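**Student:** Predicted model, plus sequence, below.
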Amino acid sequence: MSRWTESPALRGFSAFLLGAAGVLSFAPFEWFWLAPGLCLGLFLLLRSAANARHAFRLGWCFGLGLFLAGVSWVYVSLSIFGGMPWWLAGAATLLFCAFLALYPALAGALFKRWQPIGAFRQALLFGALWMLSDWLRGWLLTGFPWLSLGYTQAVPSPLAGFAPLLGVYGLTLLTATLGALLATWRLGVPLLAVAFLSGWGLQRVEWTQPTGAPVSVALVQGNVPQDMKFQPEYFAQTLALYRELVEQHPAQITVLPETAVPAFFDRLPPEFIEELSRLARRQNGDLLIGVPTSAGNRYWNSAVSLGTAPTQRYSKSHLVPFGEFIPPGFNWFMRMANIPMSDFSRGGDKQQPFALSGQRIAANICYEDAFGEEIIQDLPDATILANLSNTAWFGRSLAQPQHLQIAQIRALETGRPMLRATNTGMTAVITPEGRISAALPPFTRGVLTANVQGHQGMTPYARYGNGLALGLALLMTVAALWNGFAWAKRHRLGH
């Protein structure tokens with residue numbers, strides 16, 4: 001054997017590099033074809049690992065490379081905008097990425113512990129375990145599904161056609177399994193080609209149908225600097241900015257970003273609320289504004305409607321740990337940062353979509369759209385999805401394009417158009433086919449206008465959620481280990 005294959009340090013470093021290179025598969029690079037090759041590289045490393053402990057280390061190194069390269073914007077949020085000392089922000093980011101890396105490490109250890117005989121069965125087990133680790137990461141401890149492998153296969157990937165059936169975790173399952181099968185290229189290459197052709201064909205299926213008349217929309221991108229947003233002297237300027245942008249771009253549905261104005265809704269100047277309502281009614285329309293709401297000593301991260309329809313409200317239910325609520329025992333940590341309104345209350349589980357301009361608008365705020373099974377709770381009632389975000393907390397980083405790619409998958413899974421109104425980007429309109437039909441350049445001030453058609457109907461994913469992908473992963477695990485189960489049974493009977 002070569003020194004490279006024998007040295008644990010060099011093998012770990014190669015796994016780390018593979019993980020870091022994985023970021024190129026995600027937006028804004030979108031090298032979707034690279035993802036199966038990276039899966040193949042990790043698969044070969046794990047298959048040749050000496051034991052489960054070594055495979056755990058390889059999986060952890062891969063995950064550490066992926067998350068350090070892919071979610072380094074956490075440091076920007078904590079240090080530059082949160083005011084945390086650089087050394088503490090750096091340590092917190094490193095620990096966060098090291099924790100996330102435990103999920104692929106667990107998948108690697110289980111793969112080696114159960115490794116079956118035969119390349120085909122090994123590939124089935126590898127793909128199933130990777131998918132299950134991605135799913136677990138998106139659920140445990142409120143979940144952090146960012147950089148789930150399936151997002152690499154958003155449009156323009158042909159595999160995007162499978163999203164309405166199996167969701168993002170089904171795409172993870174396909175990508176990881178097909179990548180591992182490339183180890184036996186005579187089998188893997190034809191199967192990859194068949195999968196790509198099948199996905200391309202599925203993209204031609206119309207899972208949902210238009211409903212109602214198209215509506216004109218105006219998505220406002222204020223580009224308000226995060227370090228100025230909460231300064232009292234900038235408050236009046238912010239109100240004037242949004243009023244001007246709304247006035248210049250009349251539409252039936254106008255959407256402003258998350259916490260567009262840094263004050264509780266009931267404490268905003270009444271003349272500002274009345275003026276926004278009047279401007280919305282010009283087109284017999286309505287306006288959604290992201291704004292904190294309060295009652296007593298509780299407050300929520302909300303979206304409130306103004307205009308022709310009665311006032312309605314949606315309050316964010318899936319809160320961000322440390323950014324929007326303080327986990328028990330971490331008050332000391334938050335005292336080191338300067339993050340305003342970091343202890344929101346949680347909105348209700350079942351909130352009705354907004355009834356606006358003949359459509360039903362299901363709002364979600366910030367990274368709520370990273371949780372597909374929560375988004376489909378608004379179906380089949382909702383005809384349009386709308387995301388209100390403020391990713392100014394993460395500066396000029398990968399967070400904006402990565403978040404837009406996540407929204408593309410949500411549109412595909414639900415067969416609904418997705419409207420994105422953000423403070424600094426990426427403000428966009430996404431079609432039910434997961435394509436970006438229009439977008440504003442990030443870190444610019446402007447309003448994106450478009451005509452959007454609502455859709456009704458249910459995709460298979462909207463009906464069954466992650467159940468189909470989880471069931472398929474479990475079946476693949478059983479198929480991969482069946483001989484092992486049979487051997488274990490015979491072994492017990494023999495003794």
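**Tutor:** Received it, and whenever you're ready, just let me know what you need. Numbers count the residues shown, from 1 in each chain.
**Student:** do you know how far the most centrally placed residue in the chain is from Pro460?
**Tutor:** Nearest residue to the geometric centre of the chain (C-alpha atoms, centre = their mean): Ala370, 3.1 Å. Distance check for Ala370 against Pro460: by C-beta to C-beta, to the nearest Å, it reads 21 Å. C-beta: built from backbone N, CA, C; applies to glycine.
**Student:** quick one: the strands in the stretch 351-495 of the chain?
**Tutor:** With DSSP state E, counting those that start in this stretch as the criterion, the stretch 351-495 of the chain has strands at 354-356, 359-365, 384-389, 418-422, 428-430, 436-439, 446-452, 455-456.
**Student:** re earlier: thought the residue nearest to the centre of the chain was touching Gly150?
**Tutor:** No. Counting by C-beta atoms under 8 Å, Ala370 stays clear of Gly150, with 11.8 Å between them.
**Student:** Identify the contacts common to these two.
**Tutor:** Both Ala370 and Gly150 lack any common contact, where contact means C-beta atoms under 8 Å, 6 or more residues apart in numbering.
**Student:** Now do the SS call for Thr293.
**Tutor:** strand (DSSP: H, G, I helix; E, B strand; the rest coil).
**Student:** next one: Leu219
**Tutor:** The local conformation at Leu219, judged by three-state DSSP, is strand.
**Student:** hmm, back to that, got TSV for the strands of the stretch 351-495 of the chain, with mean pLDDT too?
**Tutor:** Below are these laid out as TSV (pLDDT from 0 to 100):
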stretch	mean pLDDT
strand 354-356	98
strand 359-365	98
strand 384-389	98
strand 418-422	98
strand 428-430	98
strand 436-439	98
strand 446-452	98
strand 455-456	98
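**Student:** Out of the ones you listed, which is closest to Ala35?
**Tutor:** Nearest of the strands of the stretch 351-495 of the chain to Ala35, taken as C-beta to C-beta: strand 436-439 at 19.8 Å.
**Student:** Spell out the residue ranges of the strands in the stretch 201-350 of the chain.
**Tutor:** Counting by DSSP E, counting those that start in this stretch, the strands of the stretch 201-350 of the chain are 209-210, 215-221, 253-255, 286-295, 298-307, 313-315.
**Student:** quick check: domain ranges of the protein?
**Tutor:** Following automatic domain parsing, the chain resolves into domains at 3-205+465-494, 210-461.
**Student:** if I pick Leu159, what's in contact with it?
**Tutor:** Leu159 touches 32, 153, 171, 174-175, 195-196, 199, counting by C-beta under 8 Å, 6+ apart.
**Student:** Also Ala462?
**Tutor:** Listed by C-beta under 8 Å, 6+ apart, the contact partners of Ala462 are 164, 376, 379-380, 413-415.
**Student:** ok, those residues vs Gly467, which is closest?
**Tutor:** Nearest to Gly467 among the contacts of Ala462, with distances taken as C-beta to C-beta, is Ile376, at 11.3 Å.
**Student:** Make sure that closest one is actually in contact with Arg416.
**Tutor:** No. Taking C-beta under 8 Å as the definition, Ile376 is not a contact partner of Arg416, at 9.7 Å.
**Student:** Please say which of the two ends up with more neighbours.
**Tutor:** A count of neighbours by other C-beta atoms under 10 Å puts Arg416 above the other of Ile376 and Arg416, at 30 against 24.
**Student:** Backbone torsions only: list them for the more buried one.
**Tutor:** Dihedral pair for Arg416: phi -130, psi 150, per degrees, to the nearest 10.
**Student:** Check what pLDDT it gets.
**Tutor:** On pLDDT, Arg416 comes in at 98.
**Student:** And it, how far from Arg410?
**Tutor:** For Arg416, the distance to Arg410 - C-beta to C-beta - is 8 Å.
**Student:** Show me the common contact partners of the two, please.
**Tutor:** Common neighbours of Arg416 and Arg410 are listed as Leu385 (criterion: C-beta under 8 Å, 6+ apart).
**Student:** returning to what we had before: so who does the residue nearest to the centre of the chain touch?
**Tutor:** Taking C-beta under 8 Å, 6+ apart as the test, what Ala370 contacts is 138, 143, 145-146, 406.
**Student:** Select, from those, the two members most distant in space.
**Tutor:** Farthest pair in the contacts of Ala370, by C-beta to C-beta: Gly143 and Ile406, 12.9 Å.
**Student:** Which one's more surrounded, those two?
**Tutor:** Ile406 (25 against 17).
**Student:** Kindly state the pLDDT recorded for the nearest residue to the more buried one once chain neighbours are set aside?
**Tutor:** Leaving aside its sequence neighbours, Ile406 sits nearest to Ala370 (C-beta to C-beta, 6 or more residues apart in numbering; 5.3 Å). Ala370 carries a pLDDT value of 97.
**Student:** on that earlier part again, out of the contacts of Ala370, which are inside helices?
**Tutor:** Ile406 (DSSP state H).
**Student:** Go ahead and confirm Leu385 touches Ala411.
**Tutor:** Yes. Using C-beta under 8 Å, Leu385 is in contact with Ala411, at 6.9 Å.
**Student:** what residues do these two have in common as contacts?
**Tutor:** Residues touching both Leu385 and Ala411 by C-beta under 8 Å, 6+ apart: 417-418.
**Student:** tell me how far stretch 232-250 is from the chain's mean position?
**Tutor:** Relative to its chain's centre, stretch 232-250 lies at 30 Å (C-alpha atoms, centre = their mean, to the nearest Å).
**Student:** now what about that stretch, what contacts it?
**Tutor:** With contact meaning C-beta under 8 Å, 6+ apart, stretch 232-250 is reached by 218, 220, 222, 224, 228-229, 254, 256, 260-263, 268-269, 272, 275-276, 279-280, 282-283, 285, 287, 289, 445-447, 449.
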